[in-house]
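[1] Any chance you could fold what I've pasted below:
(4 chains)
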Amino acid sequence: MIFHPAIMALLVGSLLVTLMLLYSSYYGVQVIRKWDIKSGSELQLCLERRTYLVSIIMSYMLFFQLASFYLFIFTADAIHATFVSAMCAAGSLNVNEYGYPAVIIKMVNFLFAGTWLIINYADNRAYDYPLIKKKYLLLLVITPLMVAEFIVQGAYFIGLKANVITSCCGSLFSTDAEGIASEIAALPRLPMKIAFYLSTALTLASGMYFCLRSDWSGYVFSFLSIATFVVSVAAMISFISLYFYELPTHHCPFCILQKDYGFIGYLLYIALFGGAVSGLGTGALMPFRKIQSLSQIVPSIQRRLAFTALILYFLFTVVVTYRMIFSDFILEGY
Amino acid sequence: MFARKSNVFLLFMAVNIFLLALVFGHASYGEKNALPYLRGKAQMVKRIGLSDLCLFTDARYARHPSMADLSTPFQDHPMSLEHFPSGTIITPPPHLRSK
Amino acid sequence: MIELSDIRKVFNSGKPNEFVAIDGITLSVERDKVLVLKGPSGSGKTTLLSVIGCMARPTSGRITLSGKEITSLPERFLTEIRRKSFGFVFQQFNLIKGITAMENVILPAYPTGEGFSVLKKRALSLLELFDLSERAFSKVEWLSGGEAQRVSIARALVNDPSVIIADEPTAHLDTKLSKDFMEIIGKLKVRRKTIIIASHDPIVYESAAVDRVLEMRDGRILSRATRQ
Amino acid sequence: MSRFNKQRNILDFTLSSLLRRRTKNSALVIVYTLIVFSLASVLFFTQAIKKEACIVLQNSPEIIVQRIVAGRHDLLPADYIDTIRAIRGVQSAKGRLWGYYFEPAAGANYTLMVSEEPGVEVGRIVIGQGVSRTIHANRADIVPFRRYDGSYTSFEVSDILSSESELVSSDLVLISESDFREMMGIRGEYVTDAAVYAKNKRELFMIADKIKRILPDTRPITKDEILRTYEAIFDWRGGILLVILSGAVIAFVILAWDKASGLSSDERREIGILKGIGWETSDVIAMKFWEGAVISLSSFSLGIILAYIHVFFASSALFEPALKGWSVLYPEFRLVPHMDPLQIATLFFLTVVPYTVSTIVPSWRAATIDPDTVMRL
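    Prediction:
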């Protein structure tokens, strides 16, 4: 355990949010079991009020997830100096086996929280709350994930041991022979480039088609946008990062958030995350287009979401491509 | 007739944000400005061969945390809390904490 | 325009202190008329007003507003309907202290998202209607009882509702002010507002402006006295 | 546009409602600002020192070799240095002679260090600012020292180290080798420890490992370890202080919770009226959100700005008594300002997040007051 202030901040924050989610899933179970919109009973009125509370908690959670994702990466970067041969966040995350799982579970929770809020938004627009039980089932899925995040992140931080001066230095030097791999194994570049542009193009095409026709192609679009999200993250590591760092071997997807690169990473990741949440949300709403009270509402929400996703993915691609073309760095030379 | 309260507040926040930006600006300006004199200090460290900051001069073991050995703390007194602040604020040297 | 059928409202149901506030009321409120509910305190007038005004949901029974069933709407939607269709005048005036009369008047319109300057203009013209122009920017603590009453009527009108609901509006007014109040009600009636008043003040239910008086007791409607 | 207007309207009302309970809310803002201020001061201070240590100590000896005898460090025989010099990859190895000197009159501990700085020669010493301040010694003054055998000797102060370097040099007394040996009674074949430099920086660990193997009773300390130790010490320091201060944070959160949940009958009435006249639950929640945001944002930014002034303009005046403690020679230094988004984010998570969480449930409870309560008032 390293007593870095930011680590304590992350642990405290995630504990608080986890507790709030556990609290709201308690009411989630009640809603699933007892909800009856037709009734004017006091229990029903009480449950309806609880739904407001859960909505607030979830909106705060979404914000928290986003902020804590960045804080987590920042912290990993800030503590790299305490580990032998960790060069940046990528190296610190590799110090023990919980680092990268923590990053992934944070991303997943962010996507889920966003999807939940989209469903909630649609549901609150319909006078009979048709999705109420479904969204509370989803809440019961998110809560364990949040608990898992708390545990994995805690395990990562508790497992950190700074390589500081020891009185018997023999042990330290023997472990240092290999050091901690600070680089991330990168995928081959050319296939990744093809995959990245192909998936982005398909997503943009299907998104435009969906915006115009508003039919079952929403499923295709949603699936593609998630695929593009995954491919883009991989592409980030495989070749995009190289153009930003102008170094042939630096694959770290996190250093791009630093001041040295003009904080461009924020723009890229916000575009990517925003696109993924909107794309996922479009798909998540697809099955509910037939519900009578939602039939007027859902398509317009979906159109807006799909449009947002399109813009964000397009922005991401434009920034990346611009950098690839106008960077002085020539990758193929290496 | 009278200023809208929300405008007053937004103005207040704008001033705050401006001040924060000023703080950031001042910090990065100061950092840049301090580089030559930090380098001078670093040169001196090199010349004399120093290994530690001179932050805690109240006890011998607190003066050079990186040079301390297993027996340094408590050698002045078994209840060496007499050196209260540094004794609590800086750690016993890390190698004593890990086993 | 408002139809109530077999409305019941039970508080603390299932508990030893269960209390039936309204017990099977069927009623229809006509458009552009003044209706007075009269009866002793505890007779269920206030509860009935809050059910009619979409403030509370009945335990059972059905309500339709302009032909639309609103009984089982969640609070979120009910509030929107209430904001658009109803204006309320309360017994205690219930103005919010510390802010000006003008701000009090536009409070119900804040959530509609209209621009402040638009709202301000509307509030000032309403205050002018009630001869309160020069009091618009004084804090409500400094207003007299009659002025406060008129501010609260202006507030009820700011969203231009079709129905005004008033609960014991004259309880804290002297005879002259009560008569003034009924005069205002008469004016509102001319402006094609439906008005529902709960009161046991004879100045109110004997006033010429009233079209219909219903007497309530123990959560039921006793007699129907309709006037021309 | 209408959504923006709506939030602005609600903000308007929130502000006037906050102003109406001026004393209560300003007390809250003051306590909040104070919490942010103290946490931020600790954070800024430790991070700035850490940063400075990292830059300055970058130039400390690459490897320092100490001899350990019976678990404590001991004088290093000079022939060890020749052994070290013979190791492949070692560029240079030099004995360092240093030690502490307790000055009973001032009650201060000096660090005596042998050096070849200009001005240091037999009979003449160079002293740090802290020493100069403590014993009021200026250039050309004669300063007495006690020898190991109890007799006295004295040196002339030939120079005083610059005040900018106080953070590393405040308690130094630079002295010539022969004077040091004569005063401390250390024979010529011993030094305190050895500073080793490598030809290739990448081989430092290997060299340290070799030293440890050839001379098993030594302990080589590499520069990286010193830097990592400083990094860890200051993170730890900041962390521990935050843990101590967390008591204050918790007290504050309780206060916030209490303030938010213990709605006065006035506030209850007010929210009842709002709901009665057509505010929806989520509008009241938005109002409560703005209430929290107004309080948090103003306290947070004020606290940070004040802490910055405190640490970097006022030399952490409020910490000085605590840091100084029993030190007689407290260095007077001004830290190089340093701010990064991580610190701000950390502070945000340590103050705003707990505050916000503590107000969620109470504000929801306030917002779900029955709209028809207004009829029964």
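[2] For whichever helix in chain C runs longest, report the contacting residues that lie outside it.
    Counting residues, the longest helix found in chain C (DSSP state H) is helix C:175-190. Helix C:175-190 has contacts (Cβ atoms under 8 Å, 6 or more residues apart in numbering or on different chains) with C:32-34, C:130, C:145-146, C:149-150, C:153, C:157, C:164, C:166, C:169-170, C:173, C:195, C:197, C:201, C:203-204, C:207-209. No exception for glycine: its C-beta is placed from N, CA and C like everyone else's.
[3] Does the lengthiest helix in chain B reach chain D?
    Looking across chain B with DSSP H, the single longest helix is helix B:5-48. Yes - interface with chain D: helix B:5-48 contributes B:5-6, B:8-9, B:12-13, B:16-17, B:19-20, B:23-24, B:26-28, B:30-31, B:34, B:37-38, B:40-48 (Cβ under 8 Å from any Cβ of the partner chain).
[4] which helices and strands does that helix pack with?
    helix D:2-20, helix D:22-56, helix D:166-169, helix D:281-308 (3 or more Cβ pairs under 8 Å, 6 or more residues apart in numbering or on different chains; DSSP states H and E).
[5] quick check, the next helix or strand after the third one touching chain B?
    This means helix D:166-169. The helix or strand immediately downstream of helix D:166-169 is strand D:172-175, counting by DSSP states H and E. Yes - looking at strand D:172-175 against chain B by Cβ under 8 Å from any Cβ, the contacts come from D:172, D:174.
[6] And the helix or strand immediately after strand D:172-175 in the chain, what does it pack against?
    Once strand D:172-175 ends, the next helix or strand along the chain (criterion: DSSP H and E) is helix D:177-184. Under the contact criterion of 3+ Cβ pairs under 8 Å, 6+ apart, helix D:177-184 touches strand D:108-114, strand D:152-160.
[7] winner for burial among the helices and strands packed on helix B:5-48?
    When the helices and strands packed on helix B:5-48 are scored by mean count of other Cβ atoms under 10 Å in any protein chain shown, the highest mean neighbour count falls to helix D:166-169 (a mean of 25).
[8] chain center to that one: distance?
    15 Å (Cα atoms, centre = their mean, to the nearest Å).
[9] what's the answer for stretch A:261-279, then?
    10 Å.
[10] residues in contact with that stretch?
    A:66, A:70, A:107, A:110-111, A:114-115, A:118, A:203, A:207, A:221-222, A:224-226, A:228-229, A:232-233, A:236, A:244-245, A:254-258, A:305-306, A:308-309, A:312-313, A:315-316, A:319-320.
[11] list the buried ones in the helix or strand hosting A:Met146?
    Taking DSSP H and E as the definition, one finds A:Met146 inside helix A:132-158. The neighbour-count check on helix A:132-158 (16 or more other Cβ atoms under 10 Å in any protein chain shown) flags A:132, A:135-136, A:138-139, A:142-143, A:145-150, A:152-154, A:156-157 as buried.
[12] just stretch A:247-266 next, same as before
    A:250-258, A:265.
[13] What average pLDDT does that stretch get?
    Mean pLDDT, computed over stretch A:247-266, is 80.
[14] pLDDT at residue 222, what is it?
    In the absence of a named chain, this looks at chain A. pLDDT, A:Ser222: 93.
[15] ah, no, chain C please
    So C:Leu222 comes in at 83 (pLDDT).
[16] List the contacts of it.
    Residues C:39, C:214-216 are the ones in contact with C:Leu222 under the rule Cβ under 8 Å, 6+ apart.
[17] Take the residues you listed and keep only those in strands.
    Within these, residues falling in strands by DSSP state E are C:214-216.
[18] The residue nearest to D:Glu291 when sequence neighbours are not counted: what's it in contact with?
    Leaving aside its sequence neighbours, D:Glu291 sits nearest to D:Thr14 (Cβ to Cβ, 6 or more residues apart in numbering or on different chains; 5.2 Å). Applying Cβ under 8 Å, 6+ apart to D:Thr14 gives the contacts D:287, D:290-291, D:294.
[19] closest to D:Gly150 among the residues you listed?
    For those, the residue nearest D:Gly150 by Cβ to Cβ is D:Val294; the value is 69.7 Å.
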